[in-house]
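In: need a structure here:
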Amino acid sequence: MKYNLANPPYESLLEEVFAKSIKKYLKNEIILQEQHEVETLCGSFRFDFIIEYNSRIIAFECDGQNFHDENAAIYDFWRDSVLLAENHAQIIFRLSGPVLMQKMADCLFLLSYIYAEIFNHKTIQELKIQTSPLVLEQVFHQATVKTPNQNHIFKILFPEESKISTTPVEEISWICLKSESYTDDRHKKIYGYIKRNNGGRLNPLIYKYHKKYKNYGL
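Out: So this is what the prediction gives:
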């Protein structure tokens, strides 16, 4: 099988920061692939990065905007509905620019907690030292933590950002990670609408849906 290995040059600074950071902590046999393109009912889409492990595809999107950018959130949710419905990934993690630049260690530690089997346990101890006390405290003492593929979530609120309105995506950690999986009925509803309309470009479909139902399905 041919892989698009995640090696420089990268398409953006955010992707470079994420790739260089996570590769330090993955097991040697785990392959991080970049710009993974798939064909869907709504055309071609590319994941920034994916990891294939145990017949599962874990996808990562490095988003330049904040999660509370409403227009981007709507499009991304519809896009991810298609990708998840067609089984191009089983889980999609979205990391915003501010998070990637300011809380990378927290993100990676949470990922290593959820998917411990793909991370190098020795290097994770180094990562733990860099992780914020708030994350460590809530993960180990306050949060009920279960893996995304079991359809459970946990939330970590950073006090200085706790007043930011949430967005309609499953939250693995409010400021660190946001994930989406096809267990969310909203994804199923959106993809059902897309199929009934025979697919096509997303923006016209979103406009048509909103015109009829006065909401975006989120």
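In: and the residue nearest the centre of the protein?
Out: In the chain, the centroid-proximal residue (Cα atoms, centre = their mean) is residue 93; its distance is 1.1 Å.
In: ranges for the strands of the chain?
Out: Ranges of strands in the chain, per DSSP state E, are 32-40, 43-53, 56-63, 91-96, 171-173, 177-180.
In: now distance to residue 189 and mean pLDDT too, for those strands, in a markdown table please.
Out: In short, each C-beta sits where N, CA and C put it, glycine included. As requested, these are exported to a markdown table (distance: least, Cβ to Cβ, whole Å; pLDDT from 0 to 100):
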| stretch | distance to residue 189 | mean pLDDT |
| --- | --- | --- |
| strand 32-40 | 17 | 93 |
| strand 43-53 | 20 | 94 |
| strand 56-63 | 21 | 88 |
| strand 91-96 | 17 | 83 |
| strand 171-173 | 20 | 36 |
| strand 177-180 | 14 | 57 |
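In: quick one: closest of those to residue 218.
Out: strand 177-180 (11.4 Å; Cβ to Cβ).
In: do I have it right that residue 86 meets residue 39?
Out: No - counting by Cβ atoms under 8 Å, residue 39 is not a contact partner of residue 86; they are 9.0 Å apart.
In: between those two, who's got more neighbours?
Out: Neighbour totals were compared for residue 86 and residue 39, and residue 86 leads with 16 against 10 (other Cβ atoms under 10 Å).
In: who's in contact with the closest residue to the more buried one other than its chain neighbours?
Out: Leaving aside its sequence neighbours, residue 86 sits nearest to residue 40 (Cβ to Cβ, 6 or more residues apart in numbering; 5.5 Å). By Cβ atoms under 8 Å, 6 or more residues apart in numbering, the contact set of residue 40 is 82, 83, 86, 88, 199.
In: got the phi and psi for the last one?
Out: For residue 199, the backbone dihedrals are phi 70, psi -150 (criterion: degrees, to the nearest 10).
In: against residue 191, how distant is it?
Out: According to Cβ to Cβ, to the nearest Å, residue 199 stands 10 Å off from residue 191.
In: which one of the two has more residues nearby?
Out: Just comparing residue 199 and residue 191: by other Cβ under 10 Å the higher neighbour count belongs to residue 191, 22 against 15.
In: let me know the pLDDT of the closest residue to the more buried one other than its chain neighbours.
Out: Nearest non-adjacent residue to residue 191, counting by Cβ to Cβ, 6+ apart: residue 85, 3.9 Å away. Here, the pLDDT recorded for residue 85 equals 91.
In: I figured residue 85 hits residue 187, correct?
Out: Yes - with contact defined as Cβ under 8 Å, residue 85 counts as touching residue 187 (6.4 Å).
In: so between these two, which is more surrounded?
Out: Neighbours per residue, other Cβ under 10 Å: of residue 85 and residue 187, the larger number sits with residue 187, 22 against 18.
In: quick one: neighbours of the closest residue to the more buried one other than its chain neighbours, just the number.
Out: Distances taken as Cβ to Cβ, 6+ apart put residue 81 closest to residue 187, at 4.2 Å, once the chain neighbours are dropped. Per other Cβ under 10 Å, the neighbour tally for residue 81 reads 25.
In: fine by me, we can end here.
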